[in-house]
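Novice: Quick one, fold the following:
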Amino acid sequence: SSSSTNSSQLPVFRTAPVPFVALSQSNITSKDQMGMFALDTRRIARSTQQTVVSVQQPGGPNSNITLLGTLTFRGAAYVYTLELGACATSQDHLCVELTTADVPLAPGATTPSLQLLLQIPPSDLVYGFGVQYSLLNLKGRLVPVLVSEQGVGRGLEPLSTLVNAASPGAAGSWHTTYAPVPHYLTSSLQQFVLHNSEYAEFDLRQEDSIAMEVYSAVLHGRFLPSPDGSKLGSVRTYTLFCGRMKPLPEWTQRGAVLGYEGGTDAVLNLHAQIKSLGAQIVAYWLQDWTGLRVDTFGKRLWWNWELDTTYYHNYSSLLATLATDHTSIMTYINPYLADTVSADKPHYRHDFFKEAAAQGFLVKTSDGKPYILASGSYKFTFGQIDVTNAAARAWYAALIRDNMLALNQTGWMCDFGEYLPLDAQVHSGSAFSAHNLYPELWAKINADAVAGSALEPVFFTRSGTTHSMQHSTLYWLGDQLVSYDAFDGLKTAVIGHITSSLSGFALTHSDTGGYTMVDNADVPVKFLRSKQLLLRWLELNAVADVMFRTHPGNMPDESWQVYSDNSTLRCFARMIKLFVALKDYRKQLMEASYNNGDPIVRPLWLAYDAPEFADYTDAFLLGDDMLMAPVTVENASSVDVTFPPGSWVHVFSGTVYSHASTTTVTVQAPIGQPALFAAKGSDVAHTLLAAMPAIQSSECVL
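Specialist: Take a look at the predicted model:
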């Protein structure tokens, strides 16, 4: 084995015994289905032998190390180079670059790949890889890094089998995610991130090694240090590299963002009802602002980014009426443009698809025509902006300024970013390299659009990659199923919060109540949002989310909403009061996250070394001083909470739980009184205990 470093201050890593470098060539084919990608990486040839010829350090003890050797590939020896040295931008990071001499492609092969095999202690656990919805510790898994839809079901049966039968691959699996990142942190504090944007796989199935494979002729990345030898210190170091998210503006902390649809008259009627029950709404999130479009997936909207002045008539008057209650309007956009506007939309002023196509701003097929895709149903078709084209990005940013900010919209859902086909033609040349970068460039378009706006707009994205957080103002966790389970339901929102924080997605939230509902003939099972599920999701999001937003879902008329009855509205009002009571504490956490890189929502593993927390996702920390164990089981009225050492106050009852060591206790958690705790004697404990009479004055029962 070989250990490599060129300074005592740089991270140290240890390769596996020879062969620790390998070269392969594969035939890669992709079947993409509405944002899901089934990659077939059929191996054509692989190197059979590695030699190490020399280790050179021509510049002296503190210079780069160059390791030279050969790889035997299809009977011939080819030179490889492994370059190690302090990164130019961060002298305490160890950069790694693996290259080979030009190797002709074998017959039938389309893509080369390089593999680097690293040793880890057999007891090491492995965390990271962006927003993961199923697992915290990924040891024992093969983790692919490919931006995609997360899927519907993700292994939940019989739903997943039925979804795949109707639309092959659309169910997804445990690893499908909108925001994968080629970054990991082990329990022994080895931390690595790939610089490559090409498809990669991390094989964590061996006890004592991590094998990374990048489908590129060059593998480059970096090892990051842990200056203080702590897990938190490691995360802080990583966020300096990937970027840190700025605190949200104060207006987002004064109440909830209520997702609604239906046009001007419907919004005004709902607003009157909401006001009468004392629920503070800071914005109505109106994703149907461009007009309603219905398909077999449910109620959706026209992807043609201009106000539908028939549906939202008297828009200026609506804005003025809401403004008297300090309430604004948020909306929706994505990087796609409906290609049937001229043919099918009753009222429009622009056909942005045609305008973009005429200027060459759309992703193209191999024959140079706009690449037409579908989402949700096969009749819901669109083209997509080529975000690798700087002129296209500038045009789309101007569209946002002229059609959204000019209407005083204070933010929007910045949706999608996952659909770029791997066989598409893009301005930069390679869709295979651009696919995982698409979310970052999509977020940058929005960041460029809002730069300097006095509205303090907030846009929230779901797709992401290594540096996306440098551009996005907020993340959300995507389209969960309206269920409780750990495949695609409420529990995955909890896990998504916990895992995303380790890879730099510090400011997150989820669709309250979930989004995806199923009730159609193609899939003979039914998932519609229940009142109880919505109330439990409200409890989670009032605490975990940095912006408290509801979503009507894809079948709003068939499912329970916060405005379905007055008892639900009263529960909503209670949870809004809880969210607002936490605003000062949350502000401190957002500032600490931006200044220091401290995660806001944290796994207990990050703060405590007890083995019980190594893969514990039933509870989470909010900063240092709060702990929550949300109810994620239907009809449950209590939860088992594993407490770390210390004294924790149950904020709804005042009961103190004190333990000298890690202890599991059953805690009652009726509807409206989640298992929420604050460290005894902390400022936030005093704040919440003082606020409880006002919070509990809003009755909340099922």
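
Novice: Check the burial of Ala343 by counting its neighbours.
Specialist: Here the number of neighbours of Ala343 (other Cβ atoms under 10 Å) works out to 8. Quick note: C-beta positions are derived from backbone N, CA and C, even for glycine.

Novice: what about it, helix or strand, and which?
Specialist: helix 341-344 (DSSP states H and E).

Novice: same question, Thr499
Specialist: For Thr499, the host element (DSSP H and E) is helix 490-500.

Novice: Tell me which other helices or strands the following helix or strand past that helix touches.
Specialist: Once helix 490-500 ends, the next helix or strand along the chain (criterion: DSSP H and E) is strand 508-509. On a contact count with 3 or more Cβ pairs under 8 Å, 6 or more residues apart in numbering; DSSP states H and E, strand 508-509 meets strand 474-476, helix 490-500.

Novice: Of all those, which one is nearest Tyr184?
Specialist: Smallest distance to Tyr184 across the helices and strands packed on strand 508-509 (Cβ to Cβ): 11.5 Å, for helix 490-500.

Novice: Just list the residues touching Gln532, thanks.
Specialist: The contact partners of Gln532, by Cβ atoms under 8 Å, 6 or more residues apart in numbering, come to 634-635, 671, 702.

Novice: One more: Pro58?
Specialist: Going by Cβ under 8 Å, 6+ apart, Pro58 touches Thr66.

Novice: His93 versus that one, what's the distance?
Specialist: 21 Å (Cβ to Cβ, to the nearest Å).

Novice: Tell me how many other residues crowd Gly153.
Specialist: Gly153, neighbours per other Cβ under 10 Å, totals 29.

Novice: Helix or strand: which one has the spatially closest residue to it that is not a sequence neighbour?
Specialist: Excluding the flanking residues, the one nearest Gly153 by Cβ to Cβ, 6 or more residues apart in numbering is Ser160, at 3.6 Å. Per DSSP H and E: Ser160 is located in helix 159-166.

Novice: what's that helix packed up against?
Specialist: The contact analysis (3+ Cβ pairs under 8 Å, 6+ apart) places helix 159-166 against strand 523-527.

Novice: is it true that Leu676 touches Ser653?
Specialist: No: here Leu676 lies out of contact with Ser653, judged by Cβ atoms under 8 Å, at a distance of 10.2 Å.

Novice: Comparing the two, which shows the higher neighbour count?
Specialist: Shown here are Leu676 and Ser653; by other Cβ under 10 Å, Leu676 has more neighbours (24 against 11).

Novice: got the contact list for the helix or strand harbouring that one?
Specialist: Element membership for Leu676, per DSSP H and E: strand 675-679. Residues external to strand 675-679 that are found in contact with it (Cβ under 8 Å, 6+ apart): 543, 619, 624-631, 639, 641, 643, 646-652, 657, 667, 669, 684-685, 688-689.

Novice: And that strand, how far out from the chain middle?
Specialist: Distance of strand 675-679 from the chain centroid (Cα atoms, centre = their mean, to the nearest Å) equals 26 Å.

Novice: cool, stretch 672-684 as well?
Specialist: With Cα atoms, centre = their mean, you get 27 Å for stretch 672-684.

Novice: which of the residues in that stretch are buried?
Specialist: By 16 or more other Cβ atoms under 10 Å, the buried positions in stretch 672-684 come out as 672-679, 682, 684.

Novice: Then stretch 49-68?
Specialist: For stretch 49-68, a neighbour-count test (16+ other Cβ under 10 Å) marks 50, 52, 65-67 as buried.

Novice: I'd like the mean pLDDT over the helix holding Thr499, please.
Specialist: On average, the pLDDT along helix 490-500 is 98.

Novice: Name the residues that touch it?
Specialist: Residues contacting helix 490-500 (Cβ under 8 Å, 6+ apart): 127-136, 154, 179, 475, 477-478, 480, 483-486, 508, 510, 514, 533, 536-537, 540, 544, 601-603, 617, 620, 630, 632.

Novice: Is it possible to mark the buried ones in those?
Specialist: With burial judged by 16+ other Cβ under 10 Å, the buried subset of the contacts of helix 490-500 is 127-136, 154, 179, 475, 477-478, 480, 483-486, 508, 510, 514, 533, 536-537, 540, 544, 601-603, 617, 620, 630, 632.

Novice: CA atoms of stretch 678-688 as CSV?
Specialist: In CSV, the C-alpha atoms belonging to stretch 678-688 read as follows (Å, rounded to 0.1, in the frame of the first residue of the first chain):
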residue,chain,number,x,y,z
ALA,A,678,-34.7,22.3,24.0
ALA,A,679,-31.5,22.0,26.0
LYS,A,680,-32.3,22.9,29.6
GLY,A,681,-31.2,26.4,30.5
SER,A,682,-30.7,27.5,26.9
ASP,A,683,-32.0,30.7,25.5
VAL,A,684,-34.3,28.9,23.1
ALA,A,685,-35.7,26.8,25.9
HIS,A,686,-36.7,30.1,27.7
THR,A,687,-38.1,31.5,24.5
LEU,A,688,-40.3,28.5,23.7
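
Novice: how far out from the middle of the chain is that stretch?
Specialist: 30 Å.

Novice: Ok, stretch 526-535 next?
Specialist: For stretch 526-535, the distance to the chain centre is 23 Å (Cα atoms, centre = their mean).

Novice: so where's the protein shaky on pLDDT?
Specialist: 1-9 (pLDDT under 70).

Novice: Double-check Val450 against Met404; I have them as touching.
Specialist: No: counting by Cβ under 8 Å, Val450 does not reach Met404; the two are 9.3 Å apart.

Novice: Other residues contacting the host helix or strand of Ser433?
Specialist: Element membership of Ser433 [criterion: DSSP H and E] is helix 431-434. Helix 431-434 is contacted from outside by 111, 197-199, 215-216, 363, 387-388, 420-426, 428, using Cβ under 8 Å, 6+ apart.

Novice: of the residues you listed, buried ones?
Specialist: 111, 197-199, 215-216, 363, 387-388, 420-422, 424-426.

Novice: Now for these: which two are most distant?
Specialist: The distance between the two most remote of the buried ones among the contacts of helix 431-434 (Cβ to Cβ) is 22.7 Å, for Thr111 and Val387.

Novice: quick one, which of Val450 and Met404 is more surrounded?
Specialist: Applying other Cβ under 10 Å to Val450 and Met404 shows that Met404 carries more neighbours, namely 28 against 20.

Novice: First-to-last residue distance for stretch 410-425?
Specialist: From its first residue to its last, stretch 410-425 covers 35 Å (Cα to Cα, to the nearest Å).

Novice: Now distance to Ile274 too, for the helices and strands packed on strand 508-509, in CSV please.
Specialist: Output for those, formatted as CSV (distance: least, Cβ to Cβ, whole Å):
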stretch, distance to Ile274
strand 474-476, 22
helix 490-500, 24
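
Novice: Identify the bridge partners of the closest residue to Gln56 other than its chain neighbours.
Specialist: Using Cβ to Cβ, 6+ apart and skipping the chain neighbours, the partner closest in space to Gln56 is Thr66 (4.7 Å). Per DSSP bridges, the residues bridged to Thr66 are Gln56, Glu83.

Novice: Distance check, Thr66 against Phe572.
Specialist: 62 Å.

Novice: what's the answer for Glu97, then?
Specialist: Separation of Glu97 from Phe572 (Cβ to Cβ): 53 Å.

Novice: So the two - more neighbours on which side?
Specialist: For Glu97 versus Phe572, neighbours defined as other Cβ under 10 Å are more numerous around Phe572 (28 against 17).
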